[in-house]
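here you go, sequence then predicted model.
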Amino acid sequence: MNSLVADCSDEILHHDMKAILQKMDRAVRQGESLTSESMVRLSQQLDTYVLIAQIRKMRCVS
């Protein structure tokens, strides 16, 4: 996780988060349950990026 926080640019994080959200949106439109394994996995991936963004914000505030 530490290397992701340091190595990934904000643009890459934004792009990856947007791609995950698009996959989630597409899955919901296709009738995928919000509690399905694939949706949970996508949500966990998104959580990782949100955590990275929060860590970066805390570092800027400090």
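That came through fine.

how many other residues sit next to the closest residue to residue 49 other than its chain neighbours?
Once flanking residues are discounted, residue 49 sits nearest to residue 17: 4.7 Å by Cβ to Cβ, 6 or more residues apart in numbering. C-beta here means a position set from N, CA and C on the backbone, and glycine is covered the same way. Each residue near residue 17 was counted by other Cβ atoms under 10 Å, and the total is 17.

now do residue 20
19.

need the contact list for it.
Contact analysis of residue 20 by Cβ atoms under 8 Å, 6 or more residues apart in numbering lists 42, 45, 46, 49.

okay, it and residue 12: tell me how far apart.
Separation of residue 20 from residue 12 (Cβ to Cβ, to the nearest Å): 13 Å.

and residue 45, by the same measure?
In this view, residue 45 and residue 12 are 14 Å apart by Cβ to Cβ.

between those two, which has more neighbouring residues?
Legend: neighbour count by other Cβ under 10 Å for residue 45 and residue 12, higher for residue 45 (16 against 12).
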